[in-house]
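1. build me a model:
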Amino acid sequence: MKSAVSVLAALILAAVASGCADRDRTPAPAPAALEIHSVSPAEGSAAGGTAVTILGAGFEASALTAVSFGAVPGSAVTVLNSGAITCEAPAQTAGTVGVTVTNPGGESFTLGAAFNYAAAPLVASQAFSLGAVDSSGSGFPPDMCVARDPAMSRTLFAVDDAEVGALDGAKVLAVNMDLTPPGADSAYTTFALGKTDLLHPGGSAVGASDTFGSWGLEAAADDLLVVHSGLAFLLVSSSCENDPPYLADLAVFKPSDGSLLQVLNVALQFTPPGGSVRSDGTAIASSFVQTNPSGLAYVPGLGTQGRLYVSMSNLHDSSGFPRTMVYNPGTIMAFDVDTSLAQPVTAAPASTLIPSRWNPVHLTHYPSAQSGCDYVLVTEAGITTYYGTSASYGYSPPYQYVCHTDAAVEIIDAASSQFLSWDPGTGSRTTIDLGPAAPSLDDIAIAADPAGGTAGLLGSSFYGRIYAIDISGLDQYPAGAAGLRPLRNAYNPVQVFSHCGSDHDFASSVSVSPDGGYAMVSDFNGAAARVVALPANWVTGEFAANPEFFETPLAFTALDGGLPRIGKLLFRSGTFAGPEAFVLVSNVEPNFMSPTNLKFGAVATVDFHGRVK
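-> Model (predicted):
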């Protein structure tokens, strides 16, 4: 019996072994057919060098496996596995090409129209002229904007000249952006603000022969804000250097017919909290007259109502060299607005806020669609010093700027008109500290990145850099503390212009393309702009070691000799015809303090070949 069992067991084992052997002899599956599924990124610079990842199947792990872009071989080809290859795109002329993978045996696969070589942005040869002004001082065009009303998306509003005291005053011109080159927009009437429309501190009218400050400079436009066809604002000031406070006005006008609705004196008396000191440590008298208005933000309310925020930097300048900017505490005044009234803005502010830094240089309204809340971002600078001699007014030698205190961004919750605070009991504020950034006098450029985060970019007026801040927390209700911070790594802030800390290469204006893919940054004194490729995820990916610039800066020329200067710039958003970006360009004499300085202003256009529409 025992032997029979043994024989049976042996037969079973032999059968199992035979089955296993049969399975071992099953032929291996055939290699996957060669194919390309995707190429990422799908766009790169025509200069070449873009790192590309190709996903697909059937790639052979061999040093002989090749990749070509059109007919040009790629470089640094590495086969990671049968489904992934990395390489660098070669240089090509602008246009879209197919990408081909070829295995060592000659088998190849081409994915058509897989990679676009981006043409460098093109500055148009024609521009919309803002006219010429013959006056002393720095009268180049100070600002331009688009209206908050999306129904006015084809129209750009630009101030023709900073000098309100010029013969025909300062004008706000409406420009039709859908035209190539852009032209006057007949839907809106030019608004003109004359010298005698202005008010001195205290409310008395300015006379035709009045001068402002020891230098005799005219009043200058500072910031333009258009809300809709029936409401717009223009800030005007005349404080200069070490002069005492002078004119600070808010002009309210109607773009639809160019009518002046109201001029409000904002050089108002302010009493700071007890024990307040100036930035140089000296005590402040019981009150002071505010000066140097620098920024505007408007938050709409119900019906015809809204609230206007005006930042007052309260800046003065010490005498001699080195010169230190000395501040009384800056403020942000909140005025109630009702467009059903003949004079829409209340004469006195509803409230006055004091930032944590000395100098609030600009205000940016951010209406969060996700949280349904309105916020005002306050860009705050610190204390600065500049070195030089009286010859510096002729730019020989140039000024040398030094930051002494840090800058920051603070946030006003428009629902309460108070600074955002995580601990209302102690008043502890949410402050995004930037370090010695020396922010420029321009809006924070806000956009969503492809990964869904929200970030803002702002330029440095001294260091030629752009700084990124995470404001994703404002898209939550209540706002989330973790999403409000500066974004930094070894390459952020990004050094856009190389000549830092002196009297040129200012990152004076930053604008972000509608898709969040590019930032355009202007350099006021260098008469150029750069385009920076932004990371796909601003919040976590941040910037690469060498952010992609287009091959050369965008160069601009003056209209009639002299030296070009560029200031405000902006991308368009939405669906539109015509140019995709706009830049303010001016012409000044080599010494722009010349009393016979003839200046020209224009709006130049930039074509991004349809990639940012």
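2. tell me where the chain has helices.
-> 2-24 (DSSP state H).
3. by mean pLDDT, flag the weakest helix or strand of it.
-> helix 2-24 (a mean of 45; mean pLDDT, DSSP states H and E).
4. show me where the stretch 251-400 of the chain dips below the pLDDT cut-off.
-> Scanning the stretch 251-400 of the chain for pLDDT under 70 picks out the ranges 316-326, 383-400.
5. strands of that one, start to end?
-> Listed in chain order, the strands of the stretch 251-400 of the chain (DSSP state E, counting those that start in this stretch) span 259-265, 269-270, 288-289, 293-300, 305-312, 315-317, 323-327, 331-338, 351-353, 359-367, 374-381, 384-387, 400-403.
6. ok, which of those strands comes nearest Phe115?
-> Among these, the nearest to Phe115 by Cβ to Cβ is strand 359-367 (35.6 Å). No exception for glycine: its C-beta is placed from N, CA and C like everyone else's.
7. show me what the closest one is packed up against.
-> Under the contact definition 3 or more Cβ pairs under 8 Å, 6 or more residues apart in numbering; DSSP states H and E, strand 359-367 sits against strand 293-300, strand 305-312, strand 331-338, strand 374-381.
8. look up the closest residue to Ala451, ignoring the ones flanking it.
-> For Ala451, ignoring the flanking residues on the chain, the nearest one in space by Cβ to Cβ, 6 or more residues apart in numbering is Asn537 at 3.9 Å.
9. ok, the one you found - contacts?
-> 449-451, 453 (Cβ atoms under 8 Å, 6 or more residues apart in numbering).
10. rebuild these as JSON lines, extending it with distance to Ala507, pLDDT and neighbour count.
-> Shown next, in JSON lines, are the contacts of Asn537 (distance: Cβ to Cβ, whole Å; pLDDT from 0 to 100; neighbours: other Cβ atoms under 10 Å):
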{"residue": "Asp449", "distance to Ala507": "20", "pLDDT": "80", "neighbour count": "21"}
{"residue": "Pro450", "distance to Ala507": "24", "pLDDT": "75", "neighbour count": "13"}
{"residue": "Ala451", "distance to Ala507": "25", "pLDDT": "79", "neighbour count": "13"}
{"residue": "Gly453", "distance to Ala507": "22", "pLDDT": "87", "neighbour count": "20"}
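11. between those, which sits nearest Gly601?
-> Asp449 (33.9 Å).
12. assess the claim that the closest one and Tyr518 are in contact.
-> No. With contact taken as Cβ atoms under 8 Å, Asp449 and Tyr518 are classed as non-touching, separated by 11.6 Å.
13. any residues in contact with both of those two?
-> Joint contacts of Asp449 and Tyr518 (Cβ under 8 Å, 6+ apart) are Leu534.
14. I'd assumed Thr304 was in contact with Gln340.
-> Not Gln; residue 340 is Ser. Yes. Ser340 lies in contact with Thr304 (Cβ under 8 Å); the separation is 4.4 Å.
15. the more surrounded of the two?
-> Of the pair Ser340 and Thr304, Thr304 is the one with more neighbours under other Cβ atoms under 10 Å, namely 14 against 8.
16. residues touching that one, list them.
-> Per Cβ under 8 Å, 6+ apart, neighbours of Thr304: 338-340.
17. ramachandran angles for it?
-> Backbone torsions of Thr304, given as degrees, to the nearest 10, read phi -90, psi 0.
18. picking that back up, turn the helices and strands packed on strand 359-367 into JSON lines, including mean neighbour count.
-> As requested, these are exported to JSON lines (neighbours: other Cβ atoms under 10 Å):
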{"stretch": "strand 293-300", "mean neighbour count": "24"}
{"stretch": "strand 305-312", "mean neighbour count": "23"}
{"stretch": "strand 331-338", "mean neighbour count": "20"}
{"stretch": "strand 374-381", "mean neighbour count": "26"}
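19. could you dump those to CSV with distance to Arg148?
-> Formatted as CSV, those follow (distance: least, Cβ to Cβ, whole Å):
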stretch, distance to Arg148
strand 293-300, 7
strand 305-312, 10
strand 331-338, 13
strand 374-381, 12
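20. distance to Asn587 for the strands of the stretch 251-400 of the chain - can I get that in TSV?
-> Formatted as TSV, the strands of the stretch 251-400 of the chain follow (distance: least, Cβ to Cβ, whole Å):
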stretch	distance to Asn587
strand 259-265	29
strand 269-270	39
strand 288-289	35
strand 293-300	25
strand 305-312	30
strand 315-317	27
strand 323-327	28
strand 331-338	35
strand 351-353	39
strand 359-367	26
strand 374-381	28
strand 384-387	25
strand 400-403	25
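21. out of those strands, the one nearest Leu570 is which?
-> Evaluated over the strands of the stretch 251-400 of the chain, closeness to Leu570 peaks at strand 359-367, with 13.1 Å, by Cβ to Cβ.
22. residues of that closest one that come out buried?
-> Residues 359-366 are the ones in strand 359-367 that count as buried (16 or more other Cβ atoms under 10 Å).
23. do stretch 74-88 as well
-> For stretch 74-88, the neighbour count (16+ other Cβ under 10 Å) marks 74, 77, 79, 85, 87-88 as buried.
24. likewise stretch 602-613?
-> For stretch 602-613, the neighbour count (16+ other Cβ under 10 Å) marks 602-608, 611-613 as buried.
25. do the same with stretch 196-210
-> Within stretch 196-210, judged by 16+ other Cβ under 10 Å, the buried ones are 197-201, 206, 210.
26. for stretch 279-292, same thing?
-> Buried positions in stretch 279-292, judged by neighbour count with 16+ other Cβ under 10 Å: 279, 284, 288-292.
27. how about low-confidence regions in the stretch 401-550 of the chain?
-> For the stretch 401-550 of the chain, counting by pLDDT under 70, the residues that fall below are 401-404, 423-427, 499-505, 525-526, 541-550.
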